[in-house]
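Novice: dropping the sequence and predicted coords here.
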Amino acid sequence: MPINLTANAITEITKGNLNLKPLVQVIDIKLIGKNNSQDRYRLLLSDSVSTQSAMLATQLNHRVKTGVVRKGSVIQLIDYICSNVQNRQIIVILNMETIIPDCEMIGNPKIESGNCTMPSPRMQSVQPHYQPTPPPNYRSHGAIVKNEAPARIIPIAALNPYQGRWAIKARVTAKGDLRRYNNAKGDGKVFSFDLLDSDGGEIRVTCFNSLVDKFYDVVEVGKVYMVSKGSLKPAQKNFNHLKNEWEILLETASTVDLCPDEDSSIPQQQFSFRPISDIENTENNSILDIIGVVTSVNPSVSIMRKNGMETQRRVLNLKDQSGRSVELTLWGEFCNREGRELQEMVDSGLSPVLAVKAGKVSDFSGKSVGTISSSQLFINPDFPEAYSLRDWFDRGGKDVAFLSISRDFAPGAQRNEIRKTVSQIKAEGLGRADKPDWVTVKASVSFVKTDNFCYTACPLMIGDRQCSKKVVKSGETRWQCERCNQDFEECDYRYLIQAAVQDHTGLTWVTAFQESGEEILGCSAKELYSLKYEEQDDVRFEEIIRSSLFNQFLLKLKIKEEMYGDEQKVKITVVKAEKVDPSSESRYLLDII
């Protein structure tokens, strides 16, 4: 069956008729280079009579890479624009459909000057000789096409350096702080804002110096603007998290005009939420969106930055249906605005849903997320993901045990001073990461195993530390240490206590060594050993054990999973035991309140 291309389609398009949805044939495809690691493809199109160069929008690159579009394909142009680049017209293809994947050349198209030459009318011998013209330097030359015709509104996704006049209609979703800088060229100031259009395209706009004065007060988050006459530059991915290879740099002739009519087709914000469990395998410094239920909020504290400036930091915890919880750190004004509101809600018994736009992943002490200048926080937002999360939490999610992917270290506290309950040790899977967890538990000792509560140890000093390795008898009166390869008349006795500790949430087993054992039992291992085995004073021995029970301690614990035979077990070691001081504990509780 013969295929008819749309007659004179190229002539009509180059005259400005963009309402056609023509059938054309791809007679050549060329990869013309990469910008910011993004491929760009140039096509030569034919309507069977004429040919015309075209540029494929980057969101359609996969059509070429997967072979859906190739040399010989007959395609239908659905959405496109025609741009002038250095007195040459190029069709920019925004959307298309493949009608026939592979076909012999149709007709005998004339190769216009500036496109390419073809030695034969058969597709198999198409050898293009044209060389792509490099994109002009928009920074220094401004707009390419200078005329007074109104710019055509195009989708953000269609923006590229090969266009002349363009305009985009979009909503401001984020506005950065005004920043000042100093470099070899002198002092300066800069600010950026992010735009979102009705097709879901996003792009960052940046202004420098005099343009900051012109546009900073004009731009408001949530408002819709018409933006035109800027230049495009490759996005700086170190600072720009948006999924666009370009940024807009505003120039003297640029316009940012408020649209008086609120365009409901443009969403207020666009999210790409990731479950908290995904953060465990996310690279450090990645930018992402998350949503979760706030389960705890710490007080705001002052932090001195490396540059000598003081800022505020507030830490809270989020959890979601993935079975994980994560620490979220709020910085600067986020602590006083949303942070204070969140703390009041949690303190009053509420567990609000919080959506975070553009949080930054950190791998310091486990994985956590922190705010940056372009972050946005939405408390109990009005969209489906929030309703779904609230319904799950209220129907039982709040009672589900969670594994924290953060180490939950409190601001200003040492690494082993974060408070946990006994039940949280298991519920949060503490100790199962590569590094040990260090926590403090307020609990009492409810049971002490009295068989093998200590061992015979080497008393010799190695440098400034005691050897403390287990020793064995050498004859009737002497002891020998294999490590030191020496024997001696008297050994030392060191605690190795297996004890049960409990609080109001549950019970767990711990191991206490010498110093922590002395703090718990109130005497040395040698004294207790002597009572039991030398003096055989069972009454006094049992009295010491009983007197140590059910006293409240602040137990500083090291929790780490270790291999025992062929089985992995979590080992909990008491690093330090301190009797609870009522005055200090009261101050701690008041600070939490």
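Specialist: Great, that's in hand.

Novice: ok, Val293 to Arg337 distance?
Specialist: Distance of Val293 to Arg337, computed by Cβ to Cβ, to the nearest Å: 20 Å. (Glycine included, C-beta is placed from N, CA and C.)

Novice: so which of these two has more stuff around it?
Specialist: More crowded of Val293 and Arg337, by other Cβ atoms under 10 Å: Val293, with 22 against 12.

Novice: out of everything not next to it in sequence, what's closest to Ser198?
Specialist: Leaving aside its sequence neighbours, Ser198 sits nearest to Ser265 (Cβ to Cβ, 6 or more residues apart in numbering; 4.2 Å).

Novice: that neighbour: what secondary structure?
Specialist: coil (DSSP: H, G, I helix; E, B strand; the rest coil).

Novice: correct me if wrong: it contacts Gly200.
Specialist: No - using Cβ atoms under 8 Å, Ser265 is not in contact with Gly200; the gap is 10.9 Å.

Novice: and the two? Which one has more around it.
Specialist: Comparing Ser265 with Gly200 by other Cβ under 10 Å, the one with more neighbours is Gly200, at 13 against 9.

Novice: ok, the more buried one - contacts?
Specialist: With contact set as Cβ atoms under 8 Å, 6 or more residues apart in numbering, Gly200 has these partners: 267, 270.

Novice: mind running it again at 7 Å?
Specialist: Gln270 (Cβ atoms under 7 Å, 6 or more residues apart in numbering).

Novice: and it, that's in a strand?
Specialist: No - Gly200 sits outside any strand when classified using three-state DSSP, being coil.

Novice: how much space between Arg478 and Cys467?
Specialist: Distance, Arg478 to Cys467, using Cβ to Cβ: 16 Å.

Novice: of the two, who's got more company?
Specialist: The neighbour count for Arg478 versus Cys467, taken as other Cβ under 10 Å, is higher for Cys467 (17 against 13).

Novice: the more buried one and Leu460 touch, don't they?
Specialist: Yes - with contact defined as Cβ atoms under 7 Å, Cys467 reaches Leu460; the gap is 4.9 Å.

Novice: shared neighbours, the two?
Specialist: Residues touching both Cys467 and Leu460 by Cβ under 7 Å, 6+ apart: 481, 484.

Novice: surely Phe453 touches Tyr493?
Specialist: No - distance between Phe453 and Tyr493: 9.8 Å, which falls outside the contact criterion (Cβ under 7 Å).

Novice: residues contacting Ser446?
Specialist: Counting by Cβ under 7 Å, 6+ apart, Ser446 makes contact with 500-502, 507, 549-550.

Novice: now restrict those to buried residues only.
Specialist: 500-502 (16 or more other Cβ atoms under 10 Å).

Novice: dump those to JSON lines, plus secondary structure and pLDDT.
Specialist: Below are the buried ones among the contacts of Ser446 laid out as JSON lines (DSSP: H, G, I helix; E, B strand; the rest coil; pLDDT from 0 to 100):
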{"residue": "Ala500", "secondary structure": "strand", "pLDDT": "94"}
{"residue": "Val501", "secondary structure": "strand", "pLDDT": "94"}
{"residue": "Gln502", "secondary structure": "strand", "pLDDT": "95"}
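
Novice: would you list these in a markdown table and tack on distance to Ser584?
Specialist: Output for the buried ones among the contacts of Ser446, formatted as a markdown table (distance: Cβ to Cβ, whole Å):
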| residue | distance to Ser584 |
| --- | --- |
| Ala500 | 25 |
| Val501 | 20 |
| Gln502 | 22 |
